[in-house]
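Here is the input, now give the coordinates:
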Amino acid sequence: MKQNKIVNFQYYEKFFIIALFSVYFFVASQIFVDYGFYIDEKFHRANGFYWLNYLSNFFGFTDLSQISEIKLKEIEGFTLPNIGNWNLYGVIFDVPAAYFEIILKINNPIDYYQMRHFLVFIFFFISSIFFYQILKNRFNNILVSVVGLTLFILTPRLFGDSFWNNKDIIFLSFYTISLFFYFKFIDNPSTKIIILLALFSAIGTTIRFAGIFLPITLIFFFIIDKISKRNEINFKTIIFYFFYFFIFLYFFWPNVWADPQGALFSSLNLQMSWKGNINFLGKYYFSGNLPYYYLFFWIVISTPLIHLFFFTFGFYSYAKRLLLRFLTIEQNSIHNDLWRSRNESKDFLVFINLIFFMSVLSFLNINLYNSWRLGYFLYIFIIYFASFGIYLLIIKFKKNILQLSLIFLTLIFFLTYRIILYHPYQSLYFNALVPTYIKNNVDVDYTGLSSFHFLKELIKNEKSNKPIKIAANSWYPLWRMVDLLSEKEKSKIIILANDQKTQATYLYSNRIYDIDKRYYKKYDIPSNFKKIKEFKIDNTIIFDVYKRLD
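Below is the predicted model of the structure:
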């Protein structure tokens with residue numbers, strides 16, 4: 001009788017999870033067209049056709065090579081970087097996207113960019129399945145796994161970016177999948193698991209060089225294993241993993257085929273090479289010289305309070321336990337280790353990932369760009385420890401599990417409300433306690449997600465039959481969005497450069513500047529212009545619109 005109950009419970013659990021993912025996928029399929037387009041869309045489309053052409057030539061696919069070459073030549077824009085010099089990004093997203101554009105015969109610009117957006121979501125959706133499996137593997141508790149998964153899916157900045165960010169979200173996705181196979185490796189380092197771990201960790205490294213940390217932690221765990229005399233990992237396993245890791249790294253990174261050493265250093269330099277000024281609390285900082293608390297501050301203001309509360313509780317509880325373990329290690333005892341089970345070793349793996357990356361990104365002057373999207377993969381570890389905190393609460397209040405479940409449900413409803421409030425600008429989210437002063441004294445719409453929506457709305461509402469002259473009064477190439485408009489819409493507008501803004505009828509500003517406005521006049525508003533719109537969400541100014549009075 002008990003066995004039947006267990007089987008039934010497993011059936012309903014599986015049914016519930018399938019229903020949850022189905023609803024998530026359906027909602028995403030309806031709203032992905034709502035999102036704006038960002039500054040690097042055209043560049044990454046060019047990157048895809050550049051490498052598709054390269055691979056087609058390499059493998060002798062003549063027709064595909066010719067088509068991709070034609071597509072590549074059609075992509076132009078005087079502010080685009082030379083793809084021949086800036087072709088060091090990974091190919092795992094851009095090449096399939098370029099290939100799908102060809103085989104699906106997509107020729108309308110807005111259609112192929114929206115196809116790319118949906119493809120980003122597919123990667124994130126798959127990673128969310130693996131994240132659920134990570135939580136299920138570690139906690140073996142459906143309530144913890146479901147609430148943790150919901151926090152992952154409904155992290156506003158991840159939710160928004162999952163519909164357009166083809167760099168940071170793709171890296172996060174592969175890091176999540178790699179972490180799942182790392183957990184499986186800890187459970188049972190079989191040949192199949194080792195190869196899959198090597199595959200996904202290698203692909204992740206081609207996207208962001210930070211992916212190399214997972215192989216490094218494998219060596220670290222091997223050393224700890226030998227010191228503690230557990231003998232759970234043998235040297236042959238390590239060699240086997242690295243053999244396949246470097247094979248996959250080479251295979252999925254065509255840029256290293258001709259010059260492996262030079263390409264590796266060039267790729268690392270490219271990912272760290274962006275130079276610019278960042279507005280942080282009203283002051284401008286050079287991107288490589290940000291305050292040490294910059295990353296921590298951004299995490300606090302742009303992460304929901306629900307996440308922060310559970311993470312703080314979970315992380316503090318784990319760190320306290322780890323410290324006590326360290327202080328009470330006995331040399332000749334079976335408890336002479338920092339963890340006493342495979343599950344605890346998984347906690348330690350996530351812990352050292354979080355501590356390592358927080359330290360590196362905070363104290364080594366890594367270029368974090370505007371906001372902290374380069375570090376969005378840290379959400380994997382943040383939500384893991386939030387789930388750890390939820391797990392501890394469930395254990396502590398197991399007699400009040402119904403009341404606890406209702407509390408979780410209420411918090412999730414509040415989180416959902418906040419996500420709907422920001423739609424379709426969840427990428428620009430701030431939590432409910434952030435004051436207006438802070439929201440409007442940091443870089444918000446740094447990728448220009450609002451620009452396309454601005455152009456569409458202006459063209460729709462402008463009654464004049466004459467072409468509308470528009471200039472961007474910010475550090476933003478507004479003209480890149482023109483390609484996404486219909487031919488009829490294009491005929492209605494003329495995009496001017498910033499130094500021609502006095503001739504414009506309208507000025508658009510997403511409030512991102514390459515200089516300190518307090519000391520330079522480049523972005524001053526001409527006296528004959530008046531602000532006619534200040535688009536806000538939750539008291540956060542997304543963009544301004546000015547109109548010439550004469």
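
right, and residue 476 touches residue 513 too?
No: look at residue 476 against residue 513 with CB atoms under 8 Å: they stay out of range, at 9.5 Å. Yep, even glycine has a C-beta here, placed from its N, CA and C like the rest.

more neighbours, these two?
residue 476 (26 against 21; other CB atoms under 10 Å).

in a helix, that's where that one is, yeah?
No: counting by DSSP: H, G, I helix; E, B strand; the rest coil, residue 476 is not found in a helix; it is coil.

Enumerate every residue touching it.
Taking CB atoms under 8 Å, 6 or more residues apart in numbering, we find residue 476 in contact with 39, 448, 451, 510, 512.

Please list the members of those that lie in strands.
Using DSSP state E, no member of these sits in strands.

Could you single out the nearest of these to residue 74?
Of all the contacts of residue 476, residue 39 has the smallest distance to residue 74: 19.4 Å, by CB to CB.

Check the burial of that closest one by counting its neighbours.
For residue 39, the count of nearby residues is 19 (other CB under 10 Å).

Likewise for residue 124?
Neighbours of residue 124 (other CB under 10 Å): 24.

With the one 3 residues further on instead?
Counted with other CB under 10 Å, the burial measure for residue 127 works out to 25 neighbours.

again, but for the one 3 residues further on
Residues near residue 130, counting by other CB under 10 Å, number 19.

One more: residue 461?
Neighbours of residue 461 under the rule other CB under 10 Å: 7.

Please apply the same query to residue 317.
By other CB under 10 Å, 16 other residues sit near residue 317.

pLDDT wise, what is it at?
The score at residue 317 is 97. That number is its pLDDT.

quick one, what contacts it?
By CB under 8 Å, 6+ apart, residue 317 lies in contact with 388-389, 392.

In three-state terms, how would it be classified?
helix.

State the distance from it to residue 27.
The spacing between residue 317 and residue 27, counted by CB to CB, to the nearest Å, is 34 Å.

per the record, what domains does the chain have?
Annotated domains of the chain cover 41-107, 167-262, 451-548 [automatic domain parsing].

Show residues contacting the strand or helix carrying residue 295.
Assigned by DSSP states H and E, residue 295 falls within helix 294-302. Helix 294-302 is contacted from outside by 156-157, 280, 285, 291, 308, 358, 361-362, 368, 371-372, 375, 378, 382, 429-431, 434, 438, 442, using CB under 8 Å, 6+ apart.

Quick one, which of those residues are buried?
156-157, 280, 285, 308, 358, 361-362, 368, 371-372, 375, 378, 382, 429-431, 434, 442 (16 or more other CB atoms under 10 Å).

Return the subset of those lying in helices.
With DSSP state H as the criterion, helices contain 156-157, 308, 358, 361-362, 382 from among those.

residues of stretch 89-106 that come out buried?
89-95, 97-102, 106.

Could you list the low-pLDDT ranges of this structure?
Residue ranges of the chain with pLDDT under 70: 1-11, 78, 85, 229, 231, 259-275, 329-339.

With respect to residue 481, which of the contacts of residue 476 is nearest?
residue 451 (5.0 Å).

ranges for the helices of the stretch 351-500 of the chain?
Taking DSSP state H, counting those that start in this stretch as the test, the helices found in the stretch 351-500 of the chain are 379-396, 401-422, 436-439, 451-461, 487-490.

Check the offset of the second one from the chain's centre.
Spelled out, that is helix 401-422. The chain centroid and the centroid of helix 401-422 are separated by 23 Å, computed with CA atoms, centre = their mean, to the nearest Å.

Show the secondary-structure elements that that helix is packed against.
The helices and strands touching helix 401-422, judged by 3 or more CB pairs under 8 Å, 6 or more residues apart in numbering; DSSP states H and E, are helix 142-153, helix 156-161, helix 305-327, helix 379-396.

got a list of contacts for the last one?
Looking back up the chat, that one is helix 379-396. With CB under 8 Å, 6+ apart as the test, helix 379-396 has contacts from 131, 134-135, 138-139, 141, 143-145, 147-148, 151-152, 155, 158, 172, 175-176, 179, 299, 303, 307, 309-315, 317-318, 347, 350-351, 353-354, 357, 401, 404, 408.

Buried only: go through those for me.
131, 134-135, 138-139, 141, 144-145, 147-148, 151-152, 155, 158, 172, 175-176, 179, 299, 303, 307, 310-311, 313-315, 317-318, 347, 350-351, 353-354, 357, 404, 408.

residue ranges of the helices in the stretch 101-250 of the chain, please?
With DSSP H, counting those that start in this stretch, the ranges of helices along the stretch 101-250 of the chain come out as 109-139, 142-153, 156-161, 168-187, 191-207, 213-227, 235-251.

relative to helix 142-153, how tilted is the first one?
Same thing as helix 109-139. Interaxial angle, helix 109-139 versus helix 142-153 (axes from the mean of the first three to the mean of the last three CA atoms, to 10 degrees): 150 degrees.

contacting residues for residue 258?
Contact analysis of residue 258 by CB under 8 Å, 6+ apart lists nothing.

where's residue 44, which helix or strand?
Going by DSSP H and E, residue 44 is in helix 41-59.

elements contacting that helix?
Contacts defined by 3+ CB pairs under 8 Å, 6+ apart place helix 41-59 against helix 62-74, helix 94-103, helix 109-139.

a markdown table for the ones you listed, including distance to residue 504?
Putting the helices and strands packed on helix 41-59 into a markdown table (distance: least, CB to CB, whole Å) gives the following:
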| stretch | distance to residue 504 |
| --- | --- |
| helix 62-74 | 28 |
| helix 94-103 | 34 |
| helix 109-139 | 24 |
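
mind checking which of those helices is nearest residue 484?
helix 109-139 (4.7 Å).

and that closest one, how far from the chain's centre?
Using CA atoms, centre = their mean, the offset of helix 109-139 from its chain centre is 11 Å.

repeat for stretch 34-46
Remark: stretch 34-46 is offset 15 Å from the chain centroid, using CA atoms, centre = their mean.

just stretch 290-299 next, same as before
On the basis of CA atoms, centre = their mean, stretch 290-299 sits 17 Å off its chain's mean C-alpha point.

Stretch 162-171 now?
Mean C-alpha position of stretch 162-171 versus that of the full chain (CA atoms, centre = their mean) differs by 5 Å.

what's in contact with it?
Identification of contacts with stretch 162-171 by CB under 8 Å, 6+ apart yields 28, 31-32, 35-38, 40-41, 44, 89-90, 92-94, 97, 116-121, 123-125, 158, 161, 204, 207-208, 210-211, 373-374, 376-377, 424, 427, 449.

out of the residues you listed, which are buried?
Buried by 16+ other CB under 10 Å: 28, 32, 35-38, 40-41, 44, 89-90, 92-94, 97, 116-121, 123-125, 158, 161, 204, 207-208, 210-211, 373-374, 376-377, 424, 427, 449, out of the contacts of stretch 162-171.

Return the distance of the nearest residue to residue 134 once chain neighbours are set aside relative to residue 152.
Nearest residue to residue 134, sequence neighbours excluded (CB to CB, 6 or more residues apart in numbering): residue 180, at 5.1 Å. Relative to residue 152, residue 180 is positioned 13 Å away (CB to CB).

Now for the two: what residues contact both?
residue 131.

Now stretch 516-527: buried residues?
Buried residues in stretch 516-527 (16+ other CB under 10 Å): residue 523.

mind saving the C-alpha coords of that stretch as PDB?
Provided in PDB are the C-alpha atoms of stretch 516-527 (Å, rounded to 0.1, in the frame of the first residue of the first chain):
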ATOM      1  CA  ASP A 516      30.800  62.900 -17.500                       C
ATOM      2  CA  LYS A 517      27.900  65.300 -18.400                       C
ATOM      3  CA  ARG A 518      28.900  67.500 -15.500                       C
ATOM      4  CA  TYR A 519      32.100  68.700 -17.200                       C
ATOM      5  CA  TYR A 520      31.400  68.300 -20.900                       C
ATOM      6  CA  LYS A 521      28.700  69.900 -23.100                       C
ATOM      7  CA  LYS A 522      28.400  67.200 -25.800                       C
ATOM      8  CA  TYR A 523      25.000  66.000 -24.500                       C
ATOM      9  CA  ASP A 524      23.500  69.300 -23.300                       C
ATOM     10  CA  ILE A 525      20.000  69.900 -24.600                       C
ATOM     11  CA  PRO A 526      19.700  72.900 -27.000                       C
ATOM     12  CA  SER A 527      17.700  75.700 -25.500                       C
END
